[in-house]
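Student: sequence and predicted model, in that order:
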Amino acid sequence: MQTRIIRTTAAAFALGGLWIALTQQPPPQPLTIEKLADDLHIIVGSGGNVAVLTTEDGVLLVDDKFDRNVPEILERVRSITSRPVRYILNTHHHGDHTGGNGTLAHAAEIVAHDNVYTNMVKGKQPGPPRITFSNTTTVRLGGKEVRMYYFGRGHTNGDAFVLFPKHRILHTGDMFNTAGAPFVDYGNGGSGVDWSNTIDQALQLDFDRVVPGHGAVVAKNDLREWNAAWGSVRMRMSELKRQGKSRDDAAKALKLDDLAFWKSAQGNWRSAASLYDELR
Ligand SMILES: [Zn+2]
C-alpha cells in the first residue's frame with residue numbers, strides 16, 4: 001500500500017512535469033528584419049534566412065521559411081514597403097526554405113534550379129517552382145537585377161547561389177551555414193566530396209558579404225576559410241578510414257572542435273558516417 005501511494009505520487013509528479021513542460025514552453029521567437037541596405041533586408045529567426053529586395057514594381061524574396069511563418073514574413077515585408085511580393089527565389093528544396101511556396105504561389109512567381117522542382121515533386125511539397133534553370137538565370141524587377149547560379153553538388157543537387165550584384169551580397173542558402181555544421185542531404189543528391197569545388201566557383205563571383213542559409217551575415221573571407229575547413233574535414237575522415245576505423249568509430253573520432261562553425265558538431269555530426277561512405 002505504502003509503495004502504491006509512492007508510485008502514484010511519483011506518477012502524478014511525472015505527469016505534472018509533463019503538463020508544465022507542455023504548457024510552459026516559451027512562445028516561438030518572433031521573426032526580426034535586419035537592414036543590409038536601403039532596399040535589401042533579411043528576415044531571421046525560425047527556418048532559413050530570407051532576403052527581401054524592395055523595388056518600385058514589387059518585392060523579391062529569397063526563400064520563404066515554413067508555411068506557418070508566411071503571415072509574419074508578410075508583416076515584416078509590410079513594415080518596409082507597401083508593394084506586393086512578386087518573386088520568390090528558392091536556394092534549394094528543403095521545407096525550411098520553401099515552406100511558404102504553397103501559400104504564396106498564387107501571387108508570386110517561384111524560381112529555382114531544375115533539381116529543386118524534381119526534389120519537391122518527389123517529396124510531394126507544395127508550390128514547386130514554375131520557372132527553373134540549369135546553370136544561371138537573371139531575374140529583373142523594378143530596374144534591379146538578381147542573378148542565380150548553380151555550380152554543382154553540395155548540400156543537395158540543386159543549390160542556387162543568389163547574387164545581388166549592386167549590393168555585392170551573396171545568399172548561399174544552406175551551401176554555407178554559420179549556425180552550425182553543414183548537412184549533406186545524400187538522399188537528394190548532396191555531396192561532401194564535391195561541396196568545396198562548388199564553393200570555389202561561388203567565390204569567383206564579385207561580393208563582399210554573405211547571407212548564409214542559417215546564422216549571422218559574415219564576410220566573403222569567412223566563406224573562404226570555412227571552405228578550407230571542409231578540406232580538413234575530408235582529409236581527417238580519409239585518414240580515419242585509412243587507419244581501418246569503422247564508420248561509427250570514425251564518425252565519433254572525427255575532430256571538428258577546432259573549426260569555426262563546426263565545433264558544436266564534435267562527436268555528433270549527422271553527416272559524418274555518410275561522408276565516410278562517400279570517401280573512397
Ligand atoms: Zn537545407
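Tutor: Good, I have the coordinates.
Student: which residues of the stretch 1-150 of the chain fall in helices?
Tutor: Using DSSP state H, counting those that start in this stretch, the helices of the stretch 1-150 of the chain run over 2-23, 70-78, 95-98, 101-104, 114-122.
Student: what's the fourth one in contact with?
Tutor: Which is helix 101-104. With C-beta atoms under 8 Å, 6 or more residues apart in numbering as the test, helix 101-104 has contacts from 64, 67, 70, 85, 88, 90, 110, 120, 125-129. Yep, even glycine has a C-beta here, placed from its N, CA and C like the rest.
Student: just give me the closest of those to Gly231.
Tutor: Among these, Asn90 lies closest to Gly231 (C-beta to C-beta), at 28.2 Å.
Student: from what I can see the closest one touches Glu109, true?
Tutor: No. Using C-beta atoms under 8 Å, Asn90 makes no contact with Glu109, being 11.3 Å away.
Student: who has more neighbours, those two?
Tutor: A side-by-side neighbour count of Asn90 and Glu109, using other C-beta atoms under 10 Å, places Asn90 first with 32 against 17.
Student: now do the contacts for that one.
Tutor: Counting by C-beta under 8 Å, 6+ apart, Asn90 touches Val62, Asp63, Asp64, His97, Thr98, Asn101, Ile110, Val111, Ala112, Val116, Pro129, Ala160.
Student: give me that answer again for 6 Å
Tutor: Neighbour list for Asn90: Thr98, Ala112, Val116 [criterion: C-beta atoms under 6 Å, 6 or more residues apart in numbering].
Student: give me the number of residues near the spatially closest residue to Asp39 that is not a sequence neighbour?
Tutor: Counting by C-beta to C-beta, 6 or more residues apart in numbering, the nearest residue to Asp39 once its immediate chain neighbours are dropped is Thr54, at 4.8 Å. For Thr54, the count of nearby residues is 21 (other C-beta under 10 Å).
Student: Asp38 too?
Tutor: Close neighbours of Asp38, defined as other C-beta under 10 Å, add up to 9.
Student: returning to that earlier point: and which of the contacts of helix 101-104 is nearest to Arg234?
Tutor: The shortest approach to Arg234 among the contacts of helix 101-104 belongs to Asn90, at 27.8 Å (C-beta to C-beta).
Student: distance-wise, check the closest one relative to the ion.
Tutor: Asn90 sits 11 Å away from the ion, going by C-beta to the ion, to the nearest Å.
Student: which one is that residue nearest to, not counting chain neighbours?
Tutor: Here the residue nearest Asn90, using C-beta to C-beta, 6+ apart, is Ala112, at 3.9 Å.
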